[in-house]
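Sharing a model prediction with you, sequence too.
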Amino acid sequence: MRNKSHQIGIIAMGGGASSILKDILEKESHFSSVSINRDKLSLKQSNAELKLFVEGDKPAHFPKAIEQHRLKIKEYLRNTDALVLLSCLGGITGSHTIQPLAKVVQDLGIKTVAVVTLPFAFEGKERMAVAQNTLDSLTFLDMPIVIIHNQSLVSLAKPNFSLADLFQIQNADIAELINNYSFEDELNRDE
Ligand SMILES: Nc1nc2c(ncn2[C@@H]2O[C@H](COP(=O)(O)OP(=O)(O)OP(=O)(O)O)[C@@H](O)[C@H]2O)c(=O)[nH]1
Ligand SMILES: [Mg+2]
């Protein structure tokens, strides 16, 4: 079980991750929480403590957009011992902010784990390729990555299930995973 004396933070990027964060915070409020989005409405609806707007519609815009928030992120996370970067890959915001953000938090010396989902097969090859490119870019960073395949949820679907039902199951699973994650291993890991 996790030592609750450590302050753990979660940074959610994009709409899917923001929904998951919402579920997590409704059950467990002891996390520091940051939501990052280019979607102002989604950001407004987020229950994260710190909300950061990023402007961009092309991958190249996001490193600069994240860099502009470096000081705010640093200040907010000053007492955070370990961090989860949460992103549902396949869209624009979550896919293109996680790598520059990982670099920022690693520069700050915060132990970090990435938790990402990969799109369903029915979402198409293009979204999967975007997700895969992001994963490839993350492997250059020394950071554990937990990969959750949305496609594996399909086997849980019952005839009357909607996509929202599947996401609800997934959100609960990810919330549990983060709650039970052994951050001690991260915090004790040699530099
Ligand atoms: N768990 C969960 N996953 C979601 C949800 N909505 C979308 N996804 C998954 O997350 C992937 C990315 O979607 P979003 O998170 O909405 O995309 P985004 O990062 O906001 O990107 P843009 O809206 O294009 O800027 C999708 O391809 C789905 O596989 C959700 O409510 N919950
Ligand atoms: Mg979005």
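Done, it's in. Ligands and ions are numbered 1, 2, ... in the order given.

Near the residue of the chain found nearest ligand 2, how many residues? Count them for me, please.
When scored by C-beta to the ion, the chain has residue 15 as its residue closest to ligand 2, at 3.5 Å. C-beta: built from backbone N, CA, C; applies to glycine. Neighbour count of residue 15, defined by other C-beta atoms under 10 Å: 21.

wait, it sits on residue 92?
No. Residue 15 is not in contact with residue 92 according to C-beta atoms under 8 Å; the separation is 10.1 Å.

and after the lengthiest helix in the chain, which helix or strand comes next?
Identified as the longest helix of the chain according to DSSP state H is helix 163-180. Sequence-wise, the next helix or strand downstream of helix 163-180 (DSSP states H and E) is helix 183-188.

how far does that next one sit from the chain's center?
19 Å (C-alpha atoms, centre = their mean, to the nearest Å).

Next: stretch 60-74.
16 Å.

is it anywhere near ligand 2?
No. Stretch 60-74 is not in contact with ligand 2 by C-beta under 5 Å from the ion; minimum separation 12.8 Å.

Near ligand 1, which residues of the protein are found?
14-17, 19-20, 38-39, 88, 90-94, 117, 119-120, 123, 127, 150, 167, 170-171 (C-beta under 6 Å from any ligand atom).

Filter these down to the buried ones, ChimeraX style.
Filtering these down to the buried ones (16 or more other C-beta atoms under 10 Å) takes a single ChimeraX command:
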select :14,15,16,17,19,20,38,39,88,90,91,92,93,94,117,119,120,127,150,167,170,171
